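**Student:** Next come a sequence and a model predicted from it.
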Amino acid sequence: MPAETPDLGAIERAALGEVAAADTPQSLRETRARFLGRRGSLSGVLRSLGELPAERRSAIGSAANALKQRIEAWVGERQAELERDLQSAELAKHRLDVTLPGASLRRGALHPVTFVERDMVEFFQGLGFSVVEGPEVESDYNNFEALNFPPDHPARDMHDTFFVEGGAVLRTHTSPVQIRAMRDREPPFRFIAPGRVFRTDHGSTKSPLFHQIEGFLVDEEVTFADLKGVLYAFAHHLMGSDVPLRFRASFFPFTEPSAEMDFWWNDQWLEWGGCGMIHPRVLENVGVDPARYRGFAFGMGIDRTAMRRYGIPNIHALFDSDVRIREQL
Ligand code: DAH
């Protein structure tokens with residue numbers, strides 16, 4: 001008995017409706033299987049083509065194959081649609097309202113001492129000086145003796161020293177970095193050494209912890225005039241060319257002659273730092289021949305420079321952690 005002519009039109013209508021109605025990838029897969037799967041209705045038609053009379057076989061076969069292609073295409077389109085919907089739903093879930101006012105970040109700033117220190121270092125780098133550093137806990141030898149302070153010398157009283165168990169000290173100045181830097185090197189030298197120093201001092205312009213920048217230059221032809229010229233240029237760079245300055249004779253065991261430099265601020269002369277020509281005995285102590293080489297050195301206060309620059313009358317405002325003060329700096 002000849003097989004019935006399959007109703008491809010009915011299969012097509014059903015497939016169109018069901019593919020369009022599939023609303024998840026899973027149900028779309030199931031829909032596809034109902035038509036094109038191993039037991040799908042269209043697969044059934046294709047399988048039973050052989051039972052059809054020869055004269056209709058080829059026409060129905062090609063119509064069924066064409067329908068198969070169309071259903072695959074609808075499934076593909078519906079699949080893409082479902083993926084797009086899923087993606088939009090996901091995006092909608094994580095939607096950002098870019099018009100909401102932002103939370104403002106609190107912005108940090110460099111500490112005035114750091115700022116001034118960097119400015120100082122840059123000035124000297126421009127003159128060909130390099131930065132060297134030393135430790136804050138220093139030997140008595142480097143802090144005093146090599147700098148020509150013999151044991152029990154009264155000049156040690158100028159430095160109100162914090163002693164560390166075992167004979168070391170908290171360095172009272174940055175000058176010991178001169179010793180460390182020169183000892184293992186051959187002149188000429190052009191170095192600066194900024195850092196923290198410690199003294200048992202207290203007052204509105206004195207703090208037990210403060211900052212100095214040491215500088216020293218050693219070469220064959222170096223004069224006191226070079227020192228003075230460099231320090232005046234340095235002061236003008238930091239505080240403006242109209243800053244009142246005073247250069248006066250002084251004493252340090254490690255320089256001869258020695259001087260101190262002051263600037264005028266807040267109705268008084270404020271000591272900025274000491275300087276001088278490096279004492280021949282210091283050069284000898286680090287293995288430099290004083291008959292051939294000479295040098296100048298200085299050690300200036302960084303904190304006082306920052307006080308003047310930022311109009312801070314009390315040095316402790318720089319180091320207290322009171323947020324109301326910090327925020328103004
Ligand atoms: N170290 C001295 C002090 O803290 C300052 C000083 C004076 C440094 C003369 C120098 C110098 O390099 O040559 O009081």
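**Tutor:** All right, it came through fine.

**Student:** going forward, measure contacts and count neighbours with C-alpha atoms only.
**Tutor:** Will do.

**Student:** can you pull the contacts of the residue in the stretch 51-200 of the chain that the ligand sits nearest to?
**Tutor:** With CA to the nearest ligand atom as the measure, residue 173 is the residue of the stretch 51-200 of the chain nearest to the ligand, at 4.5 Å. Residue 173 is in contact with 143, 197-198, 212, 299, counting by CA atoms under 8 Å, 6 or more residues apart in numbering.

**Student:** Out of these, name the ones that lie in helices.
**Tutor:** Of the positions in the contacts of residue 173, residue 143 sit in helices, assigned by DSSP state H.

**Student:** before we move on, which element is the residue of the stretch 51-200 of the chain closest to the ligand in?
**Tutor:** Using DSSP states H and E, residue 173 falls within no helix or strand.

**Student:** Which pLDDT value goes with it?
**Tutor:** Listed pLDDT for residue 173 reads 97.

**Student:** One more: residue 3?
**Tutor:** Residue 3 is assigned a predicted lDDT (pLDDT) of 56.

**Student:** got the residues of this protein near the ligand?
**Tutor:** Applying CA under 6 Å from any ligand atom, we find that the chain lies next to the ligand at 173, 175, 214, 255, 273-276, 297-299.

**Student:** Among those, which one has the most neighbours?
**Tutor:** Neighbour counts for these (other CA atoms under 10 Å) peak at residue 275, which has 30 neighbours.

**Student:** That one touches residue 299, doesn't it?
**Tutor:** Yes. Using CA atoms under 8 Å, residue 275 is in contact with residue 299, at 6.3 Å.

**Student:** before we move on, the earlier item: can you list phi and psi of the residue of the stretch 51-200 of the chain closest to the ligand for me?
**Tutor:** phi -160, psi 170 (degrees, to the nearest 10).

**Student:** if we can go back for a sec, if you look at the residues of the chain next to the ligand, which of them are in strands?
**Tutor:** 214, 255, 273-276, 297-299 (DSSP state E).

**Student:** Present the residues you listed as CSV; the columns should include pLDDT.
**Tutor:** As requested, those are exported to CSV (pLDDT from 0 to 100):
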residue, pLDDT
214, 98
255, 98
273, 98
274, 98
275, 98
276, 98
297, 98
298, 98
299, 98
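
**Student:** where do the helices sit along this protein?
**Tutor:** With helices called from DSSP H, the chain shows them at 8-21, 25-36, 41-47, 54-93, 112-126, 140-143, 176-183, 224-239, 280-285, 302-310, 316-319, 323-326.

**Student:** Against residue 164, how distant is the residue of the stretch 51-200 of the chain closest to the ligand?
**Tutor:** Going from residue 173 to residue 164 by CA to CA, to the nearest Å gives 15 Å.

**Student:** Residue 72 now?
**Tutor:** Applying CA to CA to residue 72 and residue 164 gives a distance of 87 Å.

**Student:** Compare these two and say which is more crowded by neighbours.
**Tutor:** Set side by side, residue 72 and residue 164 show more neighbours around residue 72, with 15 against 12, by other CA under 10 Å.

**Student:** if I look at that one, how far off is residue 49?
**Tutor:** 20 Å.

**Student:** Check residue 76 too.
**Tutor:** Where residue 49 is concerned, residue 76 sits at a distance of 26 Å (CA to CA).

**Student:** between these two, who's got more neighbours?
**Tutor:** Higher neighbour count among residue 76 and residue 49: residue 49, with 19 against 14, using other CA under 10 Å.

**Student:** Can you report how many residues lie near the nearest residue to that one once chain neighbours are set aside?
**Tutor:** Nearest non-adjacent residue to residue 49, counting by CA to CA, 6 or more residues apart in numbering: residue 57, 6.1 Å away. By other CA under 10 Å, the residues close to residue 57 number 16.

**Student:** per-residue confidence at residue 57?
**Tutor:** 88.

**Student:** ok, now residue 45?
**Tutor:** pLDDT at residue 45 comes out at 89.

**Student:** Next, find the distance separating the residue nearest to it when sequence neighbours are not counted from the ligand.
**Tutor:** Spatial nearest neighbour of residue 45, excluding adjacent residues (CA to CA, 6+ apart): residue 6 at 6.8 Å. Going from residue 6 to the ligand by CA to the nearest ligand atom, to the nearest Å gives 108 Å.

**Student:** quick one: residue 6 from residue 69, how far?
**Tutor:** Noted for residue 6: a distance of 17 Å to residue 69, by CA to CA.

**Student:** which of those two has more neighbours?
**Tutor:** In terms of neighbours (other CA under 10 Å), residue 6 is the more surrounded of residue 6 and residue 69; the figures are 17 against 12.

**Student:** Residue 133 touches residue 177, doesn't it?
**Tutor:** Yes. Counting by CA under 8 Å, residue 133 does reach residue 177; the two are 6.5 Å apart.
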